[in-house]
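K.L.:
With the input below, show me the fold.
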Amino acid sequence: MRPIKASDAVALWPVAQDEEIWRYFRARSVAATEKLHHWVEEAIAACQAGIDYPFVTIDRANGCVAGATPSLEIGGTWLGRDIRGTV
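P.N.:
Next up is the predicted model:
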């Protein structure tokens, strides 16, 4: 994991397209391009304000962005299909 940055929206785009991620989420889906960029911008603003500390999850096998955690609270993490359920 590492802190999220604005350019991560591009890398998160293919991950966010998986409808299974959003099935049980209380939060809104960010599967639309504008929503994803807005979500990343909001996450960065919350970090800068000291409200949250958002991260992206990096797949150790290939070094690619594989999901995101918008805050340190339990329940907000979303991960791509390739790494869900892995250790």
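K.L.:
And for the closest residue to Gly76 other than its chain neighbours, the neighbour number?
P.N.:
Spatial nearest neighbour of Gly76, excluding adjacent residues (C-beta to C-beta, 6 or more residues apart in numbering): Pro70 at 4.6 Å. The C-beta positions use only the backbone N, C-alpha and C, and glycine is treated the same way. By other C-beta atoms under 10 Å, the residues close to Pro70 number 22.
K.L.:
wouldn't Pro70 be in contact with Asp52 here?
P.N.:
Yes: with contact defined as C-beta atoms under 8 Å, Pro70 reaches Asp52; the gap is 6.4 Å.
K.L.:
Report the set of residues contacting both of these two.
P.N.:
Common contacts of Pro70 and Asp52 (C-beta atoms under 8 Å, 6 or more residues apart in numbering): Ala43, Ala46.
K.L.:
Arg2 against Tyr53, yeah?
P.N.:
No: in terms of C-beta under 8 Å, Arg2 does not count as a neighbour of Tyr53; the distance is 11.1 Å.
K.L.:
Between those two, which has more neighbouring residues?
P.N.:
Tyr53 (14 against 10).
K.L.:
looking at this, the more buried one is in a strand?
P.N.:
No: secondary structure assignment (DSSP: H, G, I helix; E, B strand; the rest coil) places Tyr53 in coil, not in a strand.
K.L.:
Contacts made by stretch 65-80 with the rest, please.
P.N.:
1, 4, 8, 11-12, 14-16, 18, 21-22, 25, 27, 39, 43, 46, 52-59, 82-83.
K.L.:
Report the buried residues of the helix or strand bottoming out on mean pLDDT in the chain.
P.N.:
Across the helices and strands of the chain, mean confidence by mean pLDDT, DSSP states H and E is lowest for helix 19-22: a mean of 82. Across helix 19-22, burial judged by 16 or more other C-beta atoms under 10 Å covers Ile21.
K.L.:
What ranges does this structure have for its strands?
P.N.:
For the chain, the strands defined by DSSP state E occupy 2-3, 55-58, 65-69, 78-79.
K.L.:
strands paired with the first one, and their directions?
P.N.:
Right, strand 2-3. Strand 2-3 has the following sheet partners, assigned by DSSP bridges: strand 55-58 (antiparallel).
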